[in-house]
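Peer 1: Next input, structure requested:
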Amino acid sequence: MMERRFVSSYRLLHRYVLREFLLSLLVAFLFFFFIFFVNQILLFAQRILLRQVRPVAVFQLVLLSMPQVLLYTIPFSTLSASSMTIGDLTARNELLALRANGISLSKLFRIIAAIAILLAALTFVIADMLLPYSHQKFRSLYSELLQEIPTMELDSYAINQSGDIILVTGEVEEGKISSLVLFNTATQAKQQVISSAEGSITLVDPSSYLYRLDLFAPTLLQTGVGSSDQLSLASAESMSYYLDLGSQVSRFTDVSPSQLSTRDLLDAIAVRENDLDQAKGKHEAKIEEMERQIAQSPDELHREELEQELQQLRTEVPINFYLQYYRAELHKKFALSASSFILVFITFPLAYLKLKHGRLFGFALSLITASGYWFMLFFAQLQILDHAIHPAWFMWAPNMLIIVVAALMLLSLRHL
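Peer 2: From the prediction side, this is the model:
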(Lines give C-alpha, C1' and ligand atoms only; values in the text may rest on other atoms or scores of the structure.)
Protein backbone atom coordinates (compact mmCIF):
# COMPACT_ATOMS: atom_id res chain seq x y z
CA MET A 1 0.00 0.00 0.00
CA MET A 2 2.82 2.39 0.85
CA GLU A 3 4.48 1.76 -2.52
CA ARG A 4 1.20 2.39 -4.38
CA ARG A 5 0.73 5.63 -2.50
CA PHE A 6 4.17 6.85 -3.53
CA VAL A 7 3.58 5.85 -7.18
CA SER A 8 0.29 7.74 -7.15
CA SER A 9 1.99 10.74 -5.56
CA TYR A 10 4.70 10.71 -8.23
CA ARG A 11 2.08 10.64 -10.99
CA LEU A 12 0.25 13.52 -9.39
CA LEU A 13 3.52 15.42 -9.05
CA HIS A 14 4.44 14.77 -12.68
CA ARG A 15 1.05 15.94 -13.95
CA TYR A 16 1.22 19.07 -11.82
CA VAL A 17 4.77 19.94 -12.91
CA LEU A 18 3.92 19.17 -16.52
CA ARG A 19 0.97 21.55 -16.43
CA GLU A 20 3.03 24.34 -14.85
CA PHE A 21 5.90 23.75 -17.27
CA LEU A 22 3.72 23.83 -20.39
CA LEU A 23 2.03 27.04 -19.26
CA SER A 24 5.40 28.71 -18.68
CA LEU A 25 6.69 27.30 -21.97
CA LEU A 26 3.82 28.93 -23.85
CA VAL A 27 4.51 32.33 -22.29
CA ALA A 28 8.26 32.11 -22.87
CA PHE A 29 7.80 30.82 -26.41
CA LEU A 30 5.62 33.77 -27.37
CA PHE A 31 8.15 36.17 -25.85
CA PHE A 32 11.23 34.80 -27.61
CA PHE A 33 9.36 34.07 -30.82
CA PHE A 34 8.29 37.70 -31.04
CA ILE A 35 11.87 38.94 -30.51
CA PHE A 36 13.50 36.67 -33.09
CA PHE A 37 10.58 36.87 -35.49
CA VAL A 38 10.61 40.67 -35.61
CA ASN A 39 14.36 40.60 -36.24
CA GLN A 40 13.86 38.16 -39.10
CA ILE A 41 11.05 40.21 -40.62
CA LEU A 42 13.15 43.38 -40.62
CA LEU A 43 15.79 41.65 -42.76
CA PHE A 44 13.58 41.76 -45.83
CA ALA A 45 10.74 44.09 -44.84
CA GLN A 46 11.87 46.98 -47.02
CA ARG A 47 12.40 44.74 -50.03
CA ILE A 48 9.22 42.68 -49.84
CA LEU A 49 6.64 43.69 -47.26
CA LEU A 50 6.56 47.39 -48.13
CA ARG A 51 5.96 46.71 -51.82
CA GLN A 52 2.80 45.92 -53.68
CA VAL A 53 3.23 42.19 -53.21
CA ARG A 54 0.40 39.68 -53.11
CA PRO A 55 -0.73 39.20 -49.48
CA VAL A 56 -0.63 35.44 -49.99
CA ALA A 57 3.01 35.65 -51.09
CA VAL A 58 3.88 37.79 -48.06
CA PHE A 59 2.26 35.24 -45.75
CA GLN A 60 4.17 32.42 -47.45
CA LEU A 61 7.49 34.24 -47.02
CA VAL A 62 6.77 34.86 -43.36
CA LEU A 63 5.80 31.22 -42.88
CA LEU A 64 8.93 29.98 -44.64
CA SER A 65 11.15 32.14 -42.43
CA MET A 66 9.82 30.62 -39.21
CA PRO A 67 12.15 27.56 -39.00
CA GLN A 68 15.14 29.89 -38.67
CA VAL A 69 13.36 31.65 -35.80
CA LEU A 70 12.46 28.40 -34.04
CA LEU A 71 16.10 27.28 -33.83
CA TYR A 72 16.73 29.76 -31.02
CA THR A 73 13.19 30.17 -29.76
CA ILE A 74 12.75 26.55 -28.61
CA PRO A 75 16.00 26.23 -26.57
CA PHE A 76 15.56 29.60 -24.86
CA SER A 77 11.87 28.97 -24.22
CA THR A 78 12.70 25.62 -22.62
CA LEU A 79 15.23 27.35 -20.39
CA SER A 80 12.71 30.00 -19.34
CA ALA A 81 9.93 27.48 -18.75
CA SER A 82 12.15 25.40 -16.48
CA SER A 83 13.44 28.35 -14.48
CA MET A 84 9.98 29.89 -14.11
CA THR A 85 8.42 26.59 -13.02
CA ILE A 86 11.09 25.70 -10.46
CA GLY A 87 11.28 29.29 -9.23
CA ASP A 88 7.53 29.47 -8.72
CA LEU A 89 7.40 26.13 -6.89
CA THR A 90 10.26 27.26 -4.67
CA ALA A 91 8.65 30.61 -3.85
CA ARG A 92 5.42 28.85 -2.79
CA ASN A 93 7.41 26.43 -0.57
CA GLU A 94 6.03 23.47 -2.53
CA LEU A 95 9.48 22.02 -3.11
CA LEU A 96 10.23 22.37 0.60
CA ALA A 97 7.04 20.40 1.31
CA LEU A 98 8.13 17.67 -1.11
CA ARG A 99 11.48 17.31 0.61
CA ALA A 100 9.83 17.27 4.04
CA ASN A 101 7.64 14.37 2.90
CA GLY A 102 10.65 12.37 1.75
CA ILE A 103 10.12 12.95 -2.00
CA SER A 104 13.41 13.55 -3.74
CA LEU A 105 13.69 16.57 -5.98
CA SER A 106 15.21 14.30 -8.61
CA LYS A 107 11.62 13.26 -9.39
CA LEU A 108 10.91 16.86 -10.32
CA PHE A 109 14.11 17.16 -12.33
CA ARG A 110 13.40 13.97 -14.28
CA ILE A 111 10.09 15.11 -15.71
CA ILE A 112 11.58 18.47 -16.75
CA ALA A 113 14.60 16.75 -18.30
CA ALA A 114 12.32 14.35 -20.21
CA ILE A 115 10.37 17.26 -21.71
CA ALA A 116 13.63 19.02 -22.57
CA ILE A 117 14.88 15.93 -24.43
CA LEU A 118 11.73 15.91 -26.56
CA LEU A 119 12.15 19.60 -27.33
CA ALA A 120 15.82 19.02 -28.20
CA ALA A 121 14.79 16.32 -30.68
CA LEU A 122 12.22 18.70 -32.17
CA THR A 123 14.89 21.41 -32.56
CA PHE A 124 17.15 19.01 -34.43
CA VAL A 125 14.35 17.98 -36.79
CA ILE A 126 13.71 21.64 -37.56
CA ALA A 127 17.43 22.35 -38.12
CA ASP A 128 18.14 19.28 -40.22
CA MET A 129 14.94 18.83 -42.22
CA LEU A 130 12.53 21.73 -42.02
CA LEU A 131 15.06 24.57 -42.37
CA PRO A 132 16.71 23.31 -45.62
CA TYR A 133 13.29 22.61 -47.12
CA SER A 134 11.79 25.98 -46.13
CA HIS A 135 14.82 27.92 -47.38
CA GLN A 136 14.63 26.20 -50.77
CA LYS A 137 10.98 27.21 -51.05
CA PHE A 138 11.85 30.71 -49.84
CA ARG A 139 14.43 31.11 -52.61
CA SER A 140 11.98 30.01 -55.29
CA LEU A 141 9.21 32.30 -54.09
CA TYR A 142 11.54 35.28 -53.67
CA SER A 143 12.85 34.83 -57.21
CA GLU A 144 9.30 34.75 -58.57
CA LEU A 145 8.47 37.99 -56.78
CA LEU A 146 11.53 39.71 -58.23
CA GLN A 147 10.39 38.79 -61.70
CA GLU A 148 6.88 40.10 -61.04
CA ILE A 149 8.04 43.45 -59.64
CA PRO A 150 10.90 44.83 -61.73
CA THR A 151 11.47 47.94 -59.61
CA MET A 152 11.39 46.33 -56.21
CA GLU A 153 15.16 46.59 -55.72
CA LEU A 154 15.10 50.40 -56.08
CA ASP A 155 13.93 52.56 -53.19
CA SER A 156 12.61 56.10 -53.43
CA TYR A 157 14.88 58.86 -52.16
CA ALA A 158 17.62 56.38 -51.33
CA ILE A 159 21.07 55.15 -52.27
CA ASN A 160 20.79 51.80 -54.03
CA GLN A 161 24.02 49.87 -54.58
CA SER A 162 24.65 46.78 -56.70
CA GLY A 163 28.30 45.81 -56.91
CA ASP A 164 30.24 48.77 -58.37
CA ILE A 165 27.08 50.65 -59.37
CA ILE A 166 25.65 53.25 -56.98
CA LEU A 167 22.29 54.71 -57.94
CA VAL A 168 20.86 57.71 -56.09
CA THR A 169 17.16 58.05 -56.86
CA GLY A 170 14.38 60.52 -56.29
CA GLU A 171 10.82 59.26 -56.35
CA VAL A 172 10.35 55.74 -57.77
CA GLU A 173 6.85 54.78 -58.84
CA GLU A 174 5.82 51.98 -61.22
CA GLY A 175 9.17 51.87 -62.97
CA LYS A 176 9.48 55.66 -63.37
CA ILE A 177 12.41 57.37 -61.64
CA SER A 178 12.89 61.10 -61.16
CA SER A 179 16.11 62.98 -60.45
CA LEU A 180 18.60 60.14 -60.53
CA VAL A 181 22.39 60.08 -60.34
CA LEU A 182 24.43 56.98 -61.22
CA PHE A 183 28.03 56.40 -60.10
CA ASN A 184 30.07 53.70 -61.83
CA THR A 185 33.26 52.76 -59.94
CA ALA A 186 33.89 49.48 -61.77
CA THR A 187 37.20 50.48 -63.38
CA GLN A 188 40.36 51.56 -61.60
CA ALA A 189 41.41 54.03 -64.31
CA LYS A 190 38.13 55.89 -64.88
CA GLN A 191 35.00 56.78 -62.98
CA GLN A 192 31.64 57.73 -64.45
CA VAL A 193 28.85 59.90 -63.12
CA ILE A 194 25.55 59.97 -65.02
CA SER A 195 22.71 62.28 -64.06
CA SER A 196 19.23 62.53 -65.49
CA ALA A 197 16.02 64.31 -64.55
CA GLU A 198 13.90 61.30 -65.51
CA GLY A 199 14.33 57.63 -66.25
CA SER A 200 12.62 54.27 -66.28
CA ILE A 201 13.72 50.77 -65.39
CA THR A 202 12.68 47.54 -67.12
CA LEU A 203 13.45 43.90 -66.40
CA VAL A 204 15.23 42.49 -69.47
CA ASP A 205 16.32 39.00 -68.38
CA PRO A 206 14.35 37.48 -65.48
CA SER A 207 16.73 34.54 -65.12
CA SER A 208 19.78 36.74 -64.41
CA TYR A 209 17.90 39.79 -63.05
CA LEU A 210 19.29 42.07 -65.73
CA TYR A 211 17.59 45.48 -65.86
CA ARG A 212 17.70 48.22 -68.48
CA LEU A 213 17.79 51.78 -67.22
CA ASP A 214 16.47 54.21 -69.87
CA LEU A 215 17.58 57.80 -69.21
CA PHE A 216 16.11 60.92 -70.79
CA ALA A 217 18.39 63.90 -71.49
CA PRO A 218 21.29 62.42 -69.51
CA THR A 219 24.59 64.09 -68.72
CA LEU A 220 27.75 61.95 -68.54
CA LEU A 221 30.81 63.03 -66.59
CA GLN A 222 33.93 60.86 -66.83
CA THR A 223 37.05 61.49 -64.79
CA GLY A 224 40.43 59.85 -64.41
CA VAL A 225 41.28 58.54 -60.97
CA GLY A 226 43.80 60.82 -59.21
CA SER A 227 44.00 63.31 -62.08
CA SER A 228 41.86 66.42 -62.61
CA ASP A 229 43.19 66.84 -66.16
CA GLN A 230 41.44 63.72 -67.49
CA LEU A 231 37.88 64.96 -67.61
CA SER A 232 35.17 64.61 -70.24
CA LEU A 233 31.58 65.84 -70.32
CA ALA A 234 28.87 64.67 -72.71
CA SER A 235 25.09 64.85 -73.05
CA ALA A 236 22.48 63.13 -75.17
CA GLU A 237 18.75 62.99 -75.81
CA SER A 238 18.46 59.45 -74.41
CA MET A 239 20.63 56.67 -73.07
CA SER A 240 20.23 53.02 -72.07
CA TYR A 241 22.22 51.59 -69.17
CA TYR A 242 22.14 47.94 -68.07
CA LEU A 243 22.14 47.00 -64.39
CA ASP A 244 22.90 43.56 -62.98
CA LEU A 245 21.00 43.22 -59.68
CA GLY A 246 21.77 39.54 -59.28
CA SER A 247 24.22 40.31 -56.47
CA GLN A 248 21.45 41.84 -54.38
CA VAL A 249 19.19 38.87 -54.97
CA SER A 250 21.90 36.42 -53.90
CA ARG A 251 22.02 37.90 -50.43
CA PHE A 252 18.54 36.53 -49.83
CA THR A 253 18.56 33.43 -52.00
CA ASP A 254 22.05 31.95 -51.58
CA VAL A 255 22.28 28.80 -49.49
CA SER A 256 24.59 29.13 -46.49
CA PRO A 257 26.06 26.12 -44.65
CA SER A 258 23.66 26.73 -41.76
CA GLN A 259 20.75 25.97 -44.09
CA LEU A 260 22.11 22.63 -45.29
CA SER A 261 21.09 19.25 -43.98
CA THR A 262 23.48 16.97 -42.11
CA ARG A 263 23.96 14.80 -45.19
CA ASP A 264 24.80 17.80 -47.38
CA LEU A 265 27.21 19.12 -44.77
CA LEU A 266 28.99 15.77 -44.53
CA ASP A 267 29.35 15.66 -48.33
CA ALA A 268 30.77 19.18 -48.39
CA ILE A 269 33.14 18.34 -45.52
CA ALA A 270 34.46 15.29 -47.39
CA VAL A 271 35.34 17.48 -50.39
CA ARG A 272 37.04 20.11 -48.24
CA GLU A 273 38.98 17.47 -46.29
CA ASN A 274 40.47 16.30 -49.58
CA ASP A 275 41.45 19.91 -50.37
CA LEU A 276 43.06 20.23 -46.94
CA ASP A 277 45.06 17.01 -47.45
CA GLN A 278 46.40 18.39 -50.72
CA ALA A 279 47.31 21.68 -49.03
CA LYS A 280 49.15 19.80 -46.28
CA GLY A 281 51.01 17.79 -48.89
CA LYS A 282 52.16 20.96 -50.66
CA HIS A 283 53.13 22.47 -47.31
CA GLU A 284 55.25 19.45 -46.37
CA ALA A 285 56.83 19.43 -49.84
CA LYS A 286 57.73 23.09 -49.43
CA ILE A 287 59.38 22.32 -46.09
CA GLU A 288 61.38 19.46 -47.61
CA GLU A 289 62.47 21.67 -50.50
CA MET A 290 63.66 24.37 -48.12
CA GLU A 291 65.55 21.81 -46.03
CA ARG A 292 67.26 20.63 -49.20
CA GLN A 293 68.22 24.21 -50.11
CA ILE A 294 69.65 24.75 -46.63
CA ALA A 295 71.76 21.60 -46.89
CA GLN A 296 73.11 22.56 -50.32
CA SER A 297 73.68 26.27 -49.71
CA PRO A 298 77.38 27.18 -49.41
CA ASP A 299 76.65 30.65 -48.08
CA GLU A 300 76.29 30.66 -44.29
CA LEU A 301 74.35 33.94 -44.21
CA HIS A 302 71.93 32.62 -46.81
CA ARG A 303 71.50 29.42 -44.78
CA GLU A 304 70.57 31.42 -41.69
CA GLU A 305 67.92 33.30 -43.65
CA LEU A 306 66.53 30.05 -45.00
CA GLU A 307 66.49 28.49 -41.52
CA GLN A 308 64.45 31.42 -40.21
CA GLU A 309 61.99 31.02 -43.07
CA LEU A 310 61.87 27.28 -42.42
CA GLN A 311 61.17 27.82 -38.73
CA GLN A 312 58.32 30.20 -39.57
CA LEU A 313 56.99 27.79 -42.19
CA ARG A 314 56.89 24.95 -39.66
CA THR A 315 54.80 27.04 -37.28
CA GLU A 316 52.21 27.72 -39.99
CA VAL A 317 49.43 25.13 -40.00
CA PRO A 318 47.38 24.89 -43.22
CA ILE A 319 43.74 25.83 -42.60
CA ASN A 320 40.90 25.26 -45.01
CA PHE A 321 38.48 28.02 -44.09
CA TYR A 322 35.55 26.39 -45.87
CA LEU A 323 36.23 23.11 -44.05
CA GLN A 324 36.23 24.92 -40.71
CA TYR A 325 32.99 26.67 -41.63
CA TYR A 326 31.18 23.49 -42.68
CA ARG A 327 32.40 21.57 -39.65
CA ALA A 328 31.31 24.38 -37.36
CA GLU A 329 27.81 24.46 -38.83
CA LEU A 330 27.51 20.68 -38.54
CA HIS A 331 28.38 20.68 -34.85
CA LYS A 332 26.37 23.84 -34.24
CA LYS A 333 23.31 21.99 -35.53
CA PHE A 334 23.79 19.30 -32.87
CA ALA A 335 25.01 21.63 -30.10
CA LEU A 336 22.13 24.07 -30.52
CA SER A 337 19.62 21.23 -30.51
CA ALA A 338 21.18 19.71 -27.41
CA SER A 339 21.05 23.08 -25.66
CA SER A 340 17.30 22.62 -25.22
CA PHE A 341 18.20 19.80 -22.84
CA ILE A 342 21.44 21.16 -21.39
CA LEU A 343 20.24 24.68 -20.55
CA VAL A 344 17.62 23.38 -18.10
CA PHE A 345 20.41 22.08 -15.81
CA ILE A 346 21.30 25.65 -14.89
CA THR A 347 17.78 26.03 -13.45
CA PHE A 348 17.90 23.03 -11.07
CA PRO A 349 19.85 24.89 -8.34
CA LEU A 350 16.84 27.22 -7.99
CA ALA A 351 15.13 24.40 -6.09
CA TYR A 352 17.54 24.87 -3.18
CA LEU A 353 17.20 28.65 -2.90
CA LYS A 354 14.78 30.77 -0.90
CA LEU A 355 12.97 32.98 -3.39
CA LYS A 356 10.26 35.57 -2.87
CA HIS A 357 9.15 36.15 -6.45
CA GLY A 358 10.15 32.83 -7.94
CA ARG A 359 8.56 33.06 -11.38
CA LEU A 360 9.89 36.57 -11.99
CA PHE A 361 13.33 35.63 -10.69
CA GLY A 362 13.37 32.52 -12.87
CA PHE A 363 12.45 34.49 -15.97
CA ALA A 364 15.19 37.05 -15.25
CA LEU A 365 17.71 34.23 -14.79
CA SER A 366 16.67 32.70 -18.10
CA LEU A 367 17.15 36.02 -19.93
CA ILE A 368 20.64 36.42 -18.49
CA THR A 369 21.56 32.82 -19.27
CA ALA A 370 20.10 32.97 -22.80
CA SER A 371 21.98 36.21 -23.53
CA GLY A 372 25.21 34.73 -22.21
CA TYR A 373 24.75 31.52 -24.17
CA TRP A 374 24.02 33.40 -27.40
CA PHE A 375 27.09 35.60 -26.87
CA MET A 376 29.33 32.57 -26.24
CA LEU A 377 28.00 30.81 -29.33
CA PHE A 378 28.49 33.93 -31.44
CA PHE A 379 32.02 34.42 -30.08
CA ALA A 380 32.85 30.77 -30.77
CA GLN A 381 31.77 31.16 -34.38
CA LEU A 382 34.21 34.06 -34.80
CA GLN A 383 37.13 31.92 -33.62
CA ILE A 384 36.78 28.98 -35.99
CA LEU A 385 38.53 30.71 -38.91
CA ASP A 386 41.46 31.99 -36.85
CA HIS A 387 42.55 28.70 -35.30
CA ALA A 388 43.37 25.25 -36.65
CA ILE A 389 41.52 23.65 -33.72
CA HIS A 390 38.58 21.44 -34.67
CA PRO A 391 35.44 23.65 -34.64
CA ALA A 392 33.59 21.08 -32.53
CA TRP A 393 35.45 22.36 -29.45
CA PHE A 394 34.19 25.89 -30.08
CA MET A 395 30.61 24.91 -30.88
CA TRP A 396 30.23 22.64 -27.84
CA ALA A 397 32.10 24.93 -25.43
CA PRO A 398 28.97 26.91 -24.33
CA ASN A 399 27.12 23.68 -23.55
CA MET A 400 30.04 22.26 -21.60
CA LEU A 401 30.41 25.48 -19.63
CA ILE A 402 26.70 25.42 -18.73
CA ILE A 403 27.02 21.83 -17.46
CA VAL A 404 30.08 22.64 -15.35
CA VAL A 405 28.48 25.74 -13.79
CA ALA A 406 25.22 23.88 -13.08
CA ALA A 407 27.08 20.95 -11.50
CA LEU A 408 29.13 23.22 -9.25
CA MET A 409 26.03 25.14 -8.14
CA LEU A 410 24.13 21.93 -7.38
CA LEU A 411 26.99 20.48 -5.35
CA SER A 412 27.37 23.65 -3.29
CA LEU A 413 23.67 24.36 -2.70
CA ARG A 414 22.61 20.83 -1.82
CA HIS A 415 24.76 20.94 1.33
CA LEU A 416 23.40 24.24 2.59
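Peer 1: tell me the domain boundaries of the protein?
Peer 2: Following automatic domain parsing, the chain resolves into domains at 2-147+329-413, 159-244.
Peer 1: need the helices for this structure, in chain order.
Peer 2: For the chain, the helices defined by DSSP state H occupy 2-44, 55-64, 66-91, 94-100, 106-125, 131-148, 246-253, 262-296, 300-315, 321-342, 358-383, 391-413.
Peer 1: Does anything pack onto the third one? Which helices or strands?
Peer 2: Here helix 66-91 is seen to pack against helix 2-44, helix 94-100, helix 106-125, helix 131-148, helix 321-342, helix 358-383 when contacts are counted using 3 or more CB pairs under 8 Å, 6 or more residues apart in numbering; DSSP states H and E. Every C-beta, even on glycine, is put in place using the N, C-alpha and C of the backbone.
Peer 1: Quick check: which ranges of the stretch 51-200 of the chain have low pLDDT?
Peer 2: 51-53, 146-155, 161-163, 174-175, 186-190 (pLDDT under 70).
Peer 1: Could you look over the helices of the chain and pick the most buried one?
Peer 2: Most buried of the helices of the chain, by mean neighbour count (mean count of other CB atoms under 10 Å): helix 66-91, with a mean of 25.
Peer 1: Check the offset of it from the chain's centre.
Peer 2: Distance of helix 66-91 from the chain centroid (CA atoms, centre = their mean, to the nearest Å) equals 20 Å.
Peer 1: That helix relative to helix 321-342, how many degrees between them?
Peer 2: When axes from the mean of the first three to the mean of the last three CA atoms, to 10 degrees is applied, the directions of helix 66-91 and helix 321-342 differ by 30 degrees.
Peer 1: Tell me which residue is most central in this structure.
Peer 2: Ser258 (7.2 Å; CA atoms, centre = their mean).
Peer 1: pretty sure that one is touching Lys332, no?
Peer 2: Yes - between Ser258 and Lys332 there is a contact under CB atoms under 8 Å: 7.3 Å.
Peer 1: Mind listing the residues bridging to Gln191?
Peer 2: On the basis of DSSP bridges, Gln191 is bridged to Thr223.
Peer 1: check contacts around the nearest residue to Leu108 once chain neighbours are set aside.
Peer 2: Distances taken as CB to CB, 6 or more residues apart in numbering put Val17 closest to Leu108, at 6.0 Å, once the chain neighbours are dropped. The contact partners of Val17, by CB atoms under 8 Å, 6 or more residues apart in numbering, come to 85, 89, 108, 111-112.
Peer 1: go with 7 Å
Peer 2: 85, 108, 111-112 (CB atoms under 7 Å, 6 or more residues apart in numbering).
Peer 1: okay if I get the residues you listed as TSV plus distance to Asn320?
Peer 2: As requested, these are exported to TSV (distance: CB to CB, whole Å):
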residue	distance to Asn320
Thr85	45
Leu108	47
Ile111	45
Ile112	41
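Peer 1: Need the max-distance pair from those residues.
Peer 2: Thr85 and Ile111 (10.0 Å; CB to CB).
Peer 1: Distance to Ala236 added to the helices of the chain, as a markdown table?
Peer 2: Putting these into a markdown table (distance: least, CB to CB, whole Å) gives the following:
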| stretch | distance to Ala236 |
| --- | --- |
| helix 2-44 | 37 |
| helix 55-64 | 39 |
| helix 66-91 | 48 |
| helix 94-100 | 82 |
| helix 106-125 | 60 |
| helix 131-148 | 30 |
| helix 246-253 | 27 |
| helix 262-296 | 50 |
| helix 300-315 | 58 |
| helix 321-342 | 47 |
| helix 358-383 | 50 |
| helix 391-413 | 56 |
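Peer 1: do you know which of those lies nearest Ile165?
Peer 2: Once the helices of the chain are compared by CB to CB, helix 246-253 is nearest, at 9.6 Å.
Peer 1: just to revisit the earlier point, want to throw the helices and strands packed on helix 66-91 into JSON lines with distance to Ala234?
Peer 2: Below are the helices and strands packed on helix 66-91 laid out as JSON lines (distance: least, CB to CB, whole Å):
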{"stretch": "helix 2-44", "distance to Ala234": "39"}
{"stretch": "helix 94-100", "distance to Ala234": "83"}
{"stretch": "helix 106-125", "distance to Ala234": "60"}
{"stretch": "helix 131-148", "distance to Ala234": "33"}
{"stretch": "helix 321-342", "distance to Ala234": "45"}
{"stretch": "helix 358-383", "distance to Ala234": "49"}
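Peer 1: which one of those helices lies closest to Asp267?
Peer 2: Set against Asp267 and scored by CB to CB, those come closest in helix 321-342, at 9.5 Å.
Peer 1: now the angle between helix 131-148 and the closest one, please.
Peer 2: Helix 321-342 runs at 120 degrees relative to helix 131-148, counting by the same axes, to 10 degrees.
Peer 1: packing partners for helix 321-342?
Peer 2: helix 66-91, helix 106-125, helix 262-296, helix 391-413 (3 or more CB pairs under 7 Å, 6 or more residues apart in numbering; DSSP states H and E).
Peer 1: Let me have those in JSON lines, extended by distance to Tyr242.
Peer 2: Listed next are those as JSON lines, based on distance: least, CB to CB, whole Å:
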{"stretch": "helix 66-91", "distance to Tyr242": "34"}
{"stretch": "helix 106-125", "distance to Tyr242": "45"}
{"stretch": "helix 262-296", "distance to Tyr242": "34"}
{"stretch": "helix 391-413", "distance to Tyr242": "42"}
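Peer 1: Show the pLDDT at the nearest residue to Leu323 once chain neighbours are set aside.
Peer 2: Among residues not flanking Leu323 along the chain, Arg272 sits closest, at 3.6 Å (CB to CB, 6+ apart). Here, the pLDDT recorded for Arg272 equals 86.
Peer 1: Am I right that His135 is in contact with Pro257?
Peer 2: No - distance between His135 and Pro257: 11.7 Å, which falls outside the contact criterion (CB atoms under 7 Å).
Peer 1: Quick check, Ile384 in contact with His390.
Peer 2: No - using CB under 7 Å, Ile384 is not in contact with His390, being 9.2 Å away.
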